[in-house]
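S.K.: Based on what follows, work out the 3D shape:
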Amino acid sequence: ESHGSPYSVSKLAVEMMNDYYRGRGLDVVTMRPFNHFGPGQGKGFIVPDLLAKFKEYQANGTPIEVGNLNTARDYTDVRDVAKAYIAVAASDNKPQYPVYNVCSGSSKTGRQIYESLANALQISPAPEPSVDQSLIRPNDVMDIYGDSSRLRQEYGWEPTYSFDQTVADTVSAA
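M.R.: Residues are numbered from 1 along each chain as shown. Got it, this is the predicted structure:
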């Protein structure tokens with residue numbers, strides 16, 4: 001997210017608070033999760049929202065309306081994100097860094113999510129979606145991905161679920 005969005009400002013404020021308390025001796029570490037999803041995720045996020053639209057399409061032929069499918073984000077399975085938190089929290093070693101990114105290190109576009117969901121639902125070919133302008137975020141950053149090398153090197157963490165496996169598990173659980 002851009003540094004001007006309310007979401008990113010709130011995240012930066014929390015990180016500054018953590019720095020303050022860390023400087024006063026409190027054992028604080030910031031885990032910075034990038035986009036994550038998985039089985040059981042509620043509506044309000046791209047994967048479950050698109051999945052619901054695909055199910056409506058399958059049931060009624062309802063056109064699938066989308067926002068900007070060209071933006072890309074770094075997605076990690078929520079089960080892997082939880083393992084990252086546990087790796088740091090359960091370690092006997094004091095963290096070497098104040099901040100750890102929890103991410104896959106590569107981004108997927110909304111179009112890739114759309115196609116992966118269609119494949120998992122065995123919809124071939126995927127119907128061409130229509131763009132709903134109300135779903136477009138103004139000034140949306142086109143590509144966001146992270147670097148989890150600190151977490152990987154220090155704690156041996158790495159994602160174990162592939163993107164397509166997470167999509168398939170999400171579809172199966174719905």
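S.K.: List the contacts of the spatially most central residue of the chain.
M.R.: Nearest to the mean C-alpha position of the chain, counting by C-alpha atoms, centre = their mean, stands Asn35 at 1.6 Å. Asn35 sits next to 73-76, 144 when contact means C-beta atoms under 8 Å, 6 or more residues apart in numbering. Bear in mind the C-beta positions are built from the backbone N, C-alpha and C, glycine included.
S.K.: And it, how far from Gln133?
M.R.: According to C-beta to C-beta, to the nearest Å, Asn35 stands 23 Å off from Gln133.
S.K.: same question, Lys55
M.R.: Where Gln133 is concerned, Lys55 sits at a distance of 23 Å (C-beta to C-beta).
S.K.: Could you export the contacts of Asn35 as TSV, including neighbour count, secondary structure and distance to Ala84?
M.R.: Listed next are the contacts of Asn35 as TSV, based on neighbours: other C-beta atoms under 10 Å; DSSP: H, G, I helix; E, B strand; the rest coil; distance: C-beta to C-beta, whole Å:
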residue	neighbour count	secondary structure	distance to Ala84
Arg73	20	strand	17
Asp74	22	coil	13
Tyr75	25	coil	14
Thr76	24	strand	8
Ile144	16	coil	18
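S.K.: Identify the farthest-apart pair in those residues.
M.R.: Within the contacts of Asn35, Thr76 and Ile144 form the most distant pair, 12.5 Å apart (C-beta to C-beta).
S.K.: need the helices for the protein, in chain order.
M.R.: With DSSP state H, the ranges of helices along the chain come out as 6-22, 46-60, 78-89, 110-120, 149-155, 163-173.
S.K.: Fine by me, we can end here.
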